[in-house]
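Peer 1: Predicted model and sequence follow; I will ask about them next.
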Amino acid sequence: MKLSELKNGETAVIVRLSGHGGFRKRIMEMGFIRGEKVTSVLDSPMHDPVKYNVMGYDVLLRRNEAAMIEVLPEEEAKKELPPAPIYTSRTVCDSCSGESCSNCMFKKIKTKRNNVINVALVGNPNSGKTSMFNTMANENEHVGNYSGVTVGAKTGSFNYKGYRINLTDLPGTYSIAAYSPEELYVRRHLFEQMPDIIINSVVASNLERNLYLTTELIDMNLRTVVALNMYDELLASGAEIDYEHLGAMMGIPMIPTIARNGKGLDKLLDTVIELFEGKNNTIRHIHINYGNIIEEQLVPLSAELHKADDLPPQFPVRYWALKLLEGDKEATRQLGNCMEEARWTRMAKDAAKRVQTQMGTDAETAISGAKYGFINGALHETFKPGNKDAQKQTRRIDRLVANRWLGFPIFLFVMWVMFSSVFMLGAYPQGWIESLFTWLGDVATKFIPAGAIQDLVVNGIVSGVGSVAVFIPQILILYLFISLMEDSGYMARAAFIMDKLMHKMGLHGKSFIPMLMGFGCNVPAIMATRTIESRSSRLITILVTPFMSCSARLPVMVLFAGAFFPGYEPLVLTALYLLGIFAAIVTARLLRIVKFKKDETPFVMELPPYRWPTLQATIRHMWEKCAQYIKKIGTVILLSTIAIWFLGYYPRPEQAESGKLAQMSEMQSSLSHFTANAAEVQSHEVGLKGKTGNGMIAESGKLVQMSEMQSEKVKAASERAQSTSLLDAMPSGSGLREAKTESFEQVADEVTINGINENSFIAMLGHTVEPVLRPLGLNWRSSIALITSIPAKELVVSTLGVLYSSDSDESITVDLKKSGDFTPRSAAAFLVFILLFFPCIATISTIAHETSSKKWALFSIIYNTAVAWVAAFLVYIIGGMI
Ligand code: GDP
Ligand code: MG
């Protein structure tokens, strides 16, 4: 029968795995091997995926994937399956501690010439690598190179007992095959960087699966020390392990550690130095016995490889022979430069065929099976399982949290708590940051003489940077929650609950949280995709997140809905949000069809046991995110605000053009309040997040009122401007004229970013862009509003307030209507365009950073703008027909 048919609570024994090679391999790495017991533990609220327990781990599988695993009830399996063979190992060389040795071809590649030791941390996800890294490189003088959890590494350097240790925290993997990007990354790191020593962190209470990766390190003959991490959990479970004996059998020293509190880490580092100096007695190179059939095939293959003198020296001959027999593509690539590579591959293919006929299974599966056999054999003699059910607690919590009926409401509640904290609690410190920047602006105004420089500092830099810096508290609070959810293990449960729905979109359960976060702000949302291991799912999630309408777009929607669709505001808002979600779904599906045919990794996901998060790790996580954000503010955002300011400020209007200037100065005074208003708008938005329905609209109504207040200010300004146009009539030389000229210049200099006068570059841009937007019923003024939304969507409402305010006392809503620029049709098109149009510079730069590619950022700009245009055009056309 199929594993997917197993009912809740039932246990069966695995008899066969089907599916393609990559799938099988991945499933085996997770512990699904022939002869292993598996229990169906829990159905997700939507019946897919299902939680299974195998080798003491909770692992999620989708139903269609579970259908690829054939199982039998325990009784029947006993009859059918022969007892699992216990594989052994053979020591190849007793004293191979780093010197060149003909027997096992261990070549010392790096000579011990200085006191720098390059150490790489490898191990399963959640085995405590990062905790270890953080504790050891605590006084880190240098930590950098952090390009994402999934396909990047983090390095730190520190001094220890006279050595400089360069520690690299590699992504977590279940093996060092090359099926997932993380595995490939780890493998290339080992091949290309050739670290001196490997620290392999394994979960002490779950050795069977964790040691699988260790067997691969044995094959690679890398100088390794195993950190038996979470030793506290092992002790708590009542289990016993003779780790010295186990280490001796595997030829690898083993050190118990508790990475969380640093226990055992000194001993671990001492062993690293011992290994480096060649003074460790435990280390030796062993050959795992893969059984007669495989070994028979390996002999002639190895002999052939031995003859070559261009074999990459990083790994031993036997490793290459094994990989060729497995048909491993990465090995073929790495051997690509060898003269005889083609012949070897042919030989290996034939050998693999022979294995297939003799064993009835392919070589790769047989080799994996033998690795587990070797581990079993070793553990048989050294490990006594505990009698206490270590997972009892986890199971109890899961029964509630991942319950079919309660799981979903609990999840929604957690989300609600998270978002309301982000936006409500965040509003307070946000207010302080706002005040700080207002104060900075005031100080700058006071001390810098009026002119271009003052304007640049006050209206360009301070206001531009300030409008983004106000999000820092939200980012911190958000990451407090994300960090807690990840470290406690709840994040995996959230993915479990949402997977079915997300799978329909061609995405992963873990894509849900970033997309939801997108309704707040796209920047942290895109950063949150780091928890998605599958690279294609992660990329797609990043690319669709901008369609989730962020809070900055809300005020525009409220303004236009009120002006052109009175009485239908909630309907318009809901429709827009749904349209965004629809665009995201269509895009995700399209990308799946066109670019990423299928998810390269199966869903199989581990459900780690619940653990208490530590304060230290949480704070570190929050700080890392915050520092990244601040760095971005200091670079991309600073530069772009300066650019926008420049475009709006220059070229300066000629004094002679006083007619134009008078018109212009009408706007300028309101523009000088522009910044403050933009900040106010933000804080209002933030308040909005906590509210829903009518409350939200009422709040946004306030924003509209604010814009109305602007028109008041404009009125006053225009009176002032009229007096300046009298300037020419004044006799020169009179004190009056000089005084006036001064204020005149000051007024001209007050023109801020988005300078709406037709002289500025940005206005020219508005005119240039107009033809493209004309089919949507939009003119040059609305084009400027769209252009100014590029640095931040927050700027649209204030820009419109300036563009459309008239001398009359009427509200901006009325002004908008009276301007004749918009009809309900074109207003709808404008809204759709704003919704789908490419997000903002911060988001784009985050996309570029997170995907490590400018290409995808560019794609996002072009694709989203194209979608926005087409959708707005359709809306305009359809609107015309109604
Ligand atoms: P990584 O995925 O391998 O980098 O693992 P992390 O360092 O992120 O650790 C995963 C979880 O295990 C975190 O919640 C840690 O707090 C916890 N953890 C790490 N080391 C230990 C340990 O020695 N004992 C216990 N009980 N928990 C640990
Ligand atoms: Mg980690």
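Peer 2: Perfect, thanks for sending it. Ligands and ions are numbered 1, 2, ... in the order given.
Peer 1: In this structure L539 contacts W856, no?
Peer 2: Yes: counting by CB atoms under 8 Å, W856 is a contact partner of L539 at 6.9 Å. In short, each C-beta sits where N, CA and C put it, glycine included.
Peer 1: Just give the nearest non-adjacent residue to L211, would you?
Peer 2: Sequence neighbours aside, I375 is the residue nearest to L211 in space, at 4.8 Å (criterion: CB to CB, 6 or more residues apart in numbering).
Peer 1: residues in contact with the one you found?
Peer 2: With contact taken as CB atoms under 8 Å, 6 or more residues apart in numbering, I375 is in contact with 207-208, 211-212, 215.
Peer 1: Model confidence score at the residue of the stretch 301-450 of the chain found nearest ligand 2, please.
Peer 2: Proximity of the stretch 301-450 of the chain to ligand 2 (CB to the ion) peaks at T394, 20.0 Å away. The model reports T394 with a pLDDT of 85.
Peer 1: what about the residue of the stretch 701-850 of the chain found nearest ligand 2, distance to T541?
Peer 2: Residue of the stretch 701-850 of the chain nearest ligand 2, by CB to the ion: E850 (17.1 Å). Distance from E850 to T541, counting by CB to CB, to the nearest Å: 10 Å.
Peer 1: ok, the two, which is more surrounded?
Peer 2: Taking other CB atoms under 10 Å, E850 and T541 do not tie; T541 has more neighbours (28 against 22).
Peer 1: roughly how far apart are the residue nearest to that one when sequence neighbours are not counted and S551?
Peer 2: Spatial nearest neighbour of T541, chain neighbours left out: S511 (4.2 Å); criterion: CB to CB, 6+ apart. In this view, S511 and S551 are 20 Å apart by CB to CB.
Peer 1: Now do the helices in the stretch 1-150 of the chain.
Peer 2: Taking DSSP state H, counting those that start in this stretch to define them, one finds helices in the stretch 1-150 of the chain at 21-29, 63-66, 74-80, 129-136.
Peer 1: With adjacent residues omitted, what lies nearest to R24?
Peer 2: L17 (4.9 Å).
Peer 1: And for that neighbour, the neighbour number?
Peer 2: Applying other CB under 10 Å, we find 20 residues neighbouring L17.
Peer 1: wait, doesn't it sit right on E29?
Peer 2: No: with contact defined as CB under 8 Å, L17 does not count as touching E29 (11.7 Å).
Peer 1: Tell me who's in contact with the residue of the stretch 101-250 of the chain found nearest ligand 2.
Peer 2: In the stretch 101-250 of the chain, the residue that lies nearest ligand 2 is T130 (3.3 Å; CB to the ion). Taking CB under 8 Å, 6+ apart as the definition of contact, the neighbours of T130 are 154, 169, 617.
Peer 1: repeat that with 7 Å
Peer 2: By CB atoms under 7 Å, 6 or more residues apart in numbering, the contact set of T130 is D169.
Peer 1: how far away is it from I293?
Peer 2: Plainly put, T130 is 41 Å away from I293 if you go by CB to CB.
Peer 1: and what of K631?
Peer 2: Where I293 is concerned, K631 sits at a distance of 56 Å (CB to CB).
Peer 1: sorry, back to before: for the residue nearest to R24, list each beta-bridge partner.
Peer 2: Counting by DSSP bridges, L17 is bridged to I69.
Peer 1: can you tell me the residue of the stretch 501-650 of the chain closest to ligand 1?
Peer 2: Here the residue of the stretch 501-650 of the chain nearest ligand 1 is R611; by CB to the nearest ligand atom that distance is 4.4 Å.
Peer 1: Isn't that residue up against A492?
Peer 2: No: the pair R611 / A492 is not scored as a contact, 11.6 Å apart, by CB atoms under 7 Å.
Peer 1: Looking at the two, which is more packed in?
Peer 2: Between R611 and A492, counting by other CB under 10 Å, A492 is the more crowded of the two (22 against 15).
Peer 1: That one - nearest residue in space that isn't next to it in sequence?
Peer 2: Nearest non-adjacent residue to A492, counting by CB to CB, 6+ apart: L607, 5.1 Å away.
Peer 1: check contacts around that neighbour.
Peer 2: Neighbouring residues of L607 by CB under 7 Å, 6+ apart: 51, 58-60, 492, 496.
Peer 1: So which of the residues you listed is the closest to F547?
Peer 2: Of all the contacts of L607, the one sitting nearest F547 is F496; the distance, using CB to CB, is 24.9 Å.
Peer 1: Tell me the most packed of the contacts of L607, by neighbour count.
Peer 2: F496 (29 neighbours).
Peer 1: Correct me if wrong: that residue contacts V59.
Peer 2: No: taking contacts as CB under 7 Å, F496 lies outside contact range of V59: 10.9 Å.
Peer 1: Using PDB, write out the CA atom coordinates for the strand or helix carrying M764.
Peer 2: Per DSSP states H and E: M764 is located in helix 761-773. Written as PDB, here are the backbone C-alpha positions of helix 761-773 (Å, rounded to 0.1, in the frame of the first residue of the first chain):
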ATOM      1  CA  PHE A 761      13.200  68.300 -15.200                       C
ATOM      2  CA  ILE A 762      10.500  66.400 -13.400                       C
ATOM      3  CA  ALA A 763       7.800  68.400 -15.100                       C
ATOM      4  CA  MET A 764       9.600  67.800 -18.400                       C
ATOM      5  CA  LEU A 765       9.500  64.100 -17.500                       C
ATOM      6  CA  GLY A 766       5.800  64.400 -16.800                       C
ATOM      7  CA  HIS A 767       5.300  65.800 -20.300                       C
ATOM      8  CA  THR A 768       7.500  63.200 -21.800                       C
ATOM      9  CA  VAL A 769       5.700  60.400 -20.100                       C
ATOM     10  CA  GLU A 770       2.300  61.800 -20.900                       C
ATOM     11  CA  PRO A 771       1.900  60.200 -24.300                       C
ATOM     12  CA  VAL A 772       2.300  56.700 -22.800                       C
ATOM     13  CA  LEU A 773      -0.300  57.400 -20.200                       C
END
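Peer 1: So which bits of this structure are right by ligand 2?
Peer 2: Within the chain, the positions adjacent to ligand 2 are 129-130 by CB under 5 Å from the ion.
Peer 1: which bits of the stretch 51-200 of the chain sit near ligand 1?
Peer 2: When proximity is defined as CB under 6 Å from any ligand atom, the stretch 51-200 of the chain approaches ligand 1 at 123, 125-131, 172.
Peer 1: Tell me the pLDDT of the residue nearest the centre of the chain.
Peer 2: When CA atoms, centre = their mean is applied to the chain, the residue found nearest the centroid is R530 (2.2 Å). R530 is assigned 75 on the pLDDT scale.
Peer 1: my read is it is in a helix, agree?
Peer 2: Yes: counting by DSSP: H, G, I helix; E, B strand; the rest coil, R530 is part of a helix.
Peer 1: count of neighbours near the residue nearest to T541?
Peer 2: Look at S511: counted by other CB under 10 Å, it has 30 neighbours.
Peer 1: W612 too?
Peer 2: By other CB under 10 Å, neighbour count at W612 equals 8.
Peer 1: Now do it against V523, distance only.
Peer 2: As judged by CB to CB, W612 and V523 stand 30 Å apart.
Peer 1: Over to L234?
Peer 2: Using CB to CB, L234 is found at 41 Å from V523.
Peer 1: Comparing the two, which residue is more hemmed in?
Peer 2: A count of neighbours by other CB under 10 Å puts V523 above the other of L234 and V523, at 27 against 24.
Peer 1: Listing request: residues of the stretch 251-400 of the chain with sub-threshold pLDDT.
Peer 2: Scanning the stretch 251-400 of the chain for pLDDT under 70 picks out 389-390.
Peer 1: in it, which spans are strands?
Peer 2: Taking DSSP state E, counting those that start in this stretch, the strands of the stretch 251-400 of the chain run over residues 254-256, 285-288, 383-384.
Peer 1: same for the first one, what does it pack against?
Peer 2: In other words, strand 254-256. Contacts defined by 3 or more CB pairs under 7 Å, 6 or more residues apart in numbering; DSSP states H and E place strand 254-256 against strand 224-229, helix 243-250, helix 265-277.
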